[in-house]
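[1] Sharing a model that was predicted from the sequence below.
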Amino acid sequence: MNASNLQKKLTFKSKVISQVEKFNRKHKALSFLGLAYAVLAITTYNFLFYFYRNGKRFTALACILLFFVSSSSFSYPAMSLNISFASDSSGESDEVLGTSRALSDETVAESDAELVAETVVDSSVIEQESTDVNPDVAEIDNMVSLNEILESTEQIDPEALAAYGYVSDAEEKEEETEVQEESFSSDDWKIVLVNKQHPIPEDYSFELGTISGSMRCDERIITPLLDMLKGARTDGVNLIVCSPYRDLDRQTMLFSNKVGRYMDGGLSYMDAYNLASQAVTVPGSSEHQIGLAVDIITDGYSSLDEGFGDTAAGKWLAANSSKYGFILRYPDGKENITSIEYEPWHFRYVGVDAATVITDNDLCLEEFWNIYVD
């Protein structure tokens, strides 16, 4: 402290003490007020004087703190290459997806599984989310039973299905023929592969047909679907269809809601995105968007969870759906390949030939493509 500053400090203290002494001489009964004023004034002055004397030091410290806070606030987590974002079109193709396609299906699927396994999150968040209804349950309000379908749907001429390779159970062949394990064409619409690594092709097109009311799907699978429902009813099982075709907006809403619930539980956006993509297909990569997938429930069990696989309906579908050209799309034990949790309610149409090969060999669609598709 230089001499001038010291002099200022001493002068202020002297003035305060002098004022207090005069006040106490005139008001002896209130001398305690004078003393309190002196203590408060001198303490405040010393505190402010300290900051004044070290102004440069505190200014530098403030600048450092400001830089640290601003740089931390706007930092963004690195994005994993195995995460594909959907564009506004149903068949998006961007740089991230292009990078994903360059990797092999098996490598990408394994990396997805490892990414989820390595994500560190609060276990209470996961437990809470597991108790929430599956996002697909939002579609249950829009469901229809076989009787309702038969009342409102015009039957497609079975002969027209010959072009699709479908054979109804009502038209049993006199001689059983074994399915030849030959290669399948990648151009066949029935076996088109749609997942995070293979989003809906930009040139993919199909015609929607009405199942009942506002429920729609690819018109080419309506008759096989109805035949499957009839077959189940014959065996005493009542199947109820829900959540067939969804457009991009609907899929985006379901996925965003799932991400939002994880973020509400305290996860970062990237952690929430990675976990959500294991339960809800990324928009632009959903089989529901091409009308080839349906979710199915039954009387007495309307929950879309793993327990459906233990119901009579779940067991019947697992054993008989391939006869009608449908497969259990996301089987138990194949999560590291499909990158989607076990979903015993989600069935995908692939045609009778492909469904027979997939079911008999305990494959998922990704494995089928690696082995049989040219």
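    Arrived safely.

[2] use CA for all of it now, contacts and neighbours both
    Fine.

[3] Can you tell me who Phe184 pairs with across the strands?
    Val373 (DSSP bridges).

[4] give me the number of residues near it?
    16 (other CA atoms under 10 Å).

[5] do the one 3 residues further on as well
    Residues near Asp187, counting by other CA under 10 Å, number 10.

[6] Please read off the pLDDT at it from the model.
    According to the prediction, Asp187 has pLDDT 92.

[7] just the one 10 residues further on next, same as before
    Looking at Gln197, its pLDDT stands at 91.

[8] Which of the three states applies to it?
    When classified by DSSP: H, G, I helix; E, B strand; the rest coil, Gln197 comes out as coil.

[9] so which helix or strand takes in Ala279?
    Using DSSP states H and E, Ala279 maps to neither a helix nor a strand.

[10] Repeat that for Gly266.
    Using DSSP H and E, Gly266 maps to neither a helix nor a strand.

[11] And for Pro201?
    Per DSSP H and E: Pro201 is located in neither a helix nor a strand.

[12] from here on, count from 42
    Yes, from this point I'll number from 42; that puts the last item at Pro242.

[13] Relative to Asn236, how far out is it?
    11 Å (CA to CA, to the nearest Å).

[14] Over to Trp410?
    12 Å.

[15] ok, residues contacting the helix or strand Trp386 falls within?
    Secondary structure assignment for Trp386, by DSSP H and E: strand 384-390. Surrounding strand 384-390, the residues in contact under the criterion CA atoms under 8 Å, 6 or more residues apart in numbering are 231-232, 262, 328, 333-338, 345-347, 349-350, 355, 366-373, 396.

[16] what's around Gly332, how many residues?
    By other CA under 10 Å, neighbour count at Gly332 equals 25.

[17] Now do the contacts for Leu71.
    Contacts of Leu71 by CA under 8 Å, 6+ apart are Asn65.

[18] re the thing from before, from the contacts of strand 384-390, which land in strands?
    With strands taken from DSSP state E, the overlap with the contacts of strand 384-390 comprises 334-338, 367-371.

[19] now the residues you listed as JSON lines including pLDDT and distance to Leu289?
    Formatted as JSON lines, the ones in strands among the contacts of strand 384-390 follow (pLDDT from 0 to 100; distance: CA to CA, whole Å):
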{"residue": "Ala334", "pLDDT": "95", "distance to Leu289": "14"}
{"residue": "Val335", "pLDDT": "95", "distance to Leu289": "16"}
{"residue": "Asp336", "pLDDT": "95", "distance to Leu289": "17"}
{"residue": "Ile337", "pLDDT": "95", "distance to Leu289": "21"}
{"residue": "Ile338", "pLDDT": "93", "distance to Leu289": "23"}
{"residue": "Phe367", "pLDDT": "98", "distance to Leu289": "23"}
{"residue": "Ile368", "pLDDT": "98", "distance to Leu289": "23"}
{"residue": "Leu369", "pLDDT": "97", "distance to Leu289": "23"}
{"residue": "Arg370", "pLDDT": "97", "distance to Leu289": "20"}
{"residue": "Tyr371", "pLDDT": "96", "distance to Leu289": "21"}
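
[20] ok, the residues you listed vs Lys54, which is closest?
    Tyr371 (82.4 Å; CA to CA).

[21] Any chance of JSON lines for the ones in strands among the contacts of strand 384-390, columns distance to Lys97 and neighbour count?
    Listed next are these as JSON lines, based on distance: CA to CA, whole Å; neighbours: other CA atoms under 10 Å:
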{"residue": "Ala334", "distance to Lys97": "69", "neighbour count": "26"}
{"residue": "Val335", "distance to Lys97": "70", "neighbour count": "22"}
{"residue": "Asp336", "distance to Lys97": "68", "neighbour count": "23"}
{"residue": "Ile337", "distance to Lys97": "71", "neighbour count": "26"}
{"residue": "Ile338", "distance to Lys97": "72", "neighbour count": "25"}
{"residue": "Phe367", "distance to Lys97": "75", "neighbour count": "30"}
{"residue": "Ile368", "distance to Lys97": "73", "neighbour count": "30"}
{"residue": "Leu369", "distance to Lys97": "71", "neighbour count": "27"}
{"residue": "Arg370", "distance to Lys97": "68", "neighbour count": "24"}
{"residue": "Tyr371", "distance to Lys97": "65", "neighbour count": "23"}
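
[22] Distance-wise, check Gln60 relative to Tyr86.
    16 Å.

[23] remind me which residues of this structure are low pLDDT?
    Applying pLDDT under 70 to the chain picks out residues 42-51, 109-223.

[24] can you give me the strands for it?
    Ranges of strands in the chain, per DSSP E, are 184-186, 249-253, 256-259, 280-283, 334-339, 367-371, 384-390.

[25] To Asp305, which of these lies closest?
    strand 384-390 (24.7 Å).

[26] re the thing from before, the more surrounded of Pro242 and Asn236?
    Legend: neighbour count by other CA under 10 Å for Pro242 and Asn236, higher for Asn236 (20 against 17).

[27] ok, the more buried one - contacts?
    Contacts for Asn236 (CA under 8 Å, 6+ apart) come out as 322, 326-328, 379.

[28] Quickly list the domain ranges of this protein.
    The record's domain parsing of the chain by automatic domain parsing lists 44-114, 136-210+222-413.

[29] which of these is buried the deepest?
    Ranked by mean neighbour count, the domains of the chain are led by domain 136-210+222-413 with a mean of 18 (mean count of other CA atoms under 10 Å).

[30] what's the distance between Val300 and Ser318?
    On the measure of CA to CA, Val300 and Ser318 end up 9 Å apart.

[31] again, but for Pro285
    Taken as CA to CA, the span from Pro285 to Ser318 is 19 Å.

[32] what do you get for Val393?
    Going from Val393 to Ser318 by CA to CA gives 29 Å.

[33] for Val398, same thing?
    From Val398 over to Ser318 the distance is 28 Å, taken as CA to CA.
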